[in-house]
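Engineer: Below are the sequence and a predicted model for it; my questions follow.
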Amino acid sequence: MFNDKQTQVLAYELDSSRIKSRSKGNISLSYLEGFDIIETANKIFGHGNWGYSISSLQSVSQEQNQNQNNVICYKAVINVVVHDLQHSKHVSREDVGFGTGIAKTLADAHEGGAKEAVTDAIKRTLRSFGNQFGNSLYDKSRQHQNQQQTYQQPVQLQQQSQQQKHYQQPQTQQVESNQGAYSLQEYTSILNLGLQILEQGENIVIIGDKNTIFNSKDIIKACSFRWSNENRQWYKQKYQQQAA
């Protein structure tokens, strides 16, 4: 089915620079981003030699969180088909994925949940083809070097600017600042994406992987952050009064 070169590449050890990390509760999870998975499939299999179809996509739950945002969970089943170079043979795989959309409006929450579920299902389906699609990340006995690099990043950022204060998701729900305690509970959805929140002057800003930020605009907006074209970043006033 696969030629020797494809088989060899599929068996390569996963490049740690491709691995991202995010926190879920007290657990650190390693993952590959959706665009990276698709780009890797194009490189290994070739454009036009693979594809996917949505077998099913359905909403499985809907509720509102404490910030009155709509939280909608979707389930997707994806079928991936990979052809050989001559398109004389093919192999198909199928798996399930879940996604959660969080937004002020139902439409935006549905959109975010559906997209995330489809992306998750594609990633889970392609992982069955080997290490290059993150299958090794499911081996809990293995250590991935990028985790140490990821958690060193806040220290490096602090060294670059004394005016920036790095916020990690705390064990408690408040962080002390010069002007009192800040509740980070409303930012849990952002922190869970692996993004970071920094204090910058009178504002707090979001930094992290650009693709994650771009694909999470609905979640960021739901936390009342605004986009600054001048500074090219999402920001929010530290002492902004919340609407009653």
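Structural biologist: Arrived safely.
Engineer: going forward, measure contacts and count neighbours with C-alpha atoms only.
Structural biologist: Noted.
Engineer: can I see the domain layout of the chain?
Structural biologist: Using automatic domain parsing, the domain ranges for the chain come out as 4-138, 161-237.
Engineer: per-stretch mean pLDDT over those, give me the minimum one.
Structural biologist: Lowest mean pLDDT within the domains of the chain: domain 161-237, a mean of 68.
Engineer: report the longest helix in the protein, please.
Structural biologist: helix 106-126 (DSSP state H).
Engineer: for it, packing partners?
Structural biologist: In this structure, helix 106-126 packs against helix 34-45, strand 50-64, strand 70-83, strand 90-103, helix 217-222, with contacts taken as 3 or more Cα pairs under 8 Å, 6 or more residues apart in numbering; DSSP states H and E.
Engineer: Would you mind pulling up the elements that the helix or strand following the shortest one packs against?
Structural biologist: Scanning forward in sequence from helix 217-222, with DSSP states H and E defining helices and strands, the next element found is strand 226-228. Packed against strand 226-228 by the contact rule (3+ Cα pairs under 8 Å, 6+ apart) you find strand 233-237.
Engineer: May I see the buried residues of the strand it packs on?
Structural biologist: By 16 or more other Cα atoms under 10 Å, the buried positions in strand 233-237 come out as Trp234, Tyr235, Lys236, Gln237.
Engineer: thinking Phe98 is in contact with Arg124, fair?
Structural biologist: No. Counting by Cα atoms under 8 Å, Arg124 is not a contact partner of Phe98; they are 10.2 Å apart.
Engineer: just to revisit the earlier point, for the domains of the chain, state which one has the densest average packing.
Structural biologist: Of all those, domain 4-138 has the most neighbours on average by mean count of other Cα atoms under 10 Å, namely a mean of 17.
Engineer: now it: how far from the chain's centre is it?
Structural biologist: 10 Å (Cα atoms, centre = their mean, to the nearest Å).
Engineer: From the centre of this structure, give me the residue that's furthest out.
Structural biologist: Ser88 (36.0 Å; Cα atoms, centre = their mean).
Engineer: for that one, helix, strand, or coil?
Structural biologist: coil (DSSP: H, G, I helix; E, B strand; the rest coil).
Engineer: So what does it have for phi and psi?
Structural biologist: The phi and psi torsions at Ser88 (degrees, to the nearest 10) take the values phi -100, psi -20.
Engineer: what sits against it?
Structural biologist: Residues near Ser88 by Cα atoms under 8 Å, 6 or more residues apart in numbering: none.
Engineer: Tell me the spacing between it and Val9.
Structural biologist: 21 Å (Cα to Cα, to the nearest Å).
Engineer: Likewise for Thr40?
Structural biologist: 10 Å.
Engineer: got any residues that touch both of the two?
Structural biologist: Listed as contacting both Thr40 and Val9 by Cα under 8 Å, 6+ apart are Gln132.
Engineer: Quick check: phi and psi on Asp84?
Structural biologist: According to degrees, to the nearest 10, Asp84 has phi -80, psi 180.
Engineer: That one contacts Thr7, correct?
Structural biologist: No. Judged on Cα under 8 Å, Asp84 makes no contact with Thr7 at a distance of 11.9 Å.
Engineer: Could you measure from Asp15 over to Ile122?
Structural biologist: According to Cα to Cα, Asp15 and Ile122 sit 20 Å apart.
Engineer: Ok, Gly201 next?
Structural biologist: In terms of Cα to Cα, Gly201 sits 41 Å off from Ile122.
Engineer: which residues touch the closest residue to Asp120 other than its chain neighbours?
Structural biologist: In space, and not counting its chain neighbours, Asp120 is closest to Gly97: 4.8 Å by Cα to Cα, 6 or more residues apart in numbering. Shown in contact with Gly97 (Cα under 8 Å, 6+ apart): Lys75, Ala76, Val77, Ile78, Ala117, Val118, Thr119, Asp120, Ala121, Ile122, Arg124.
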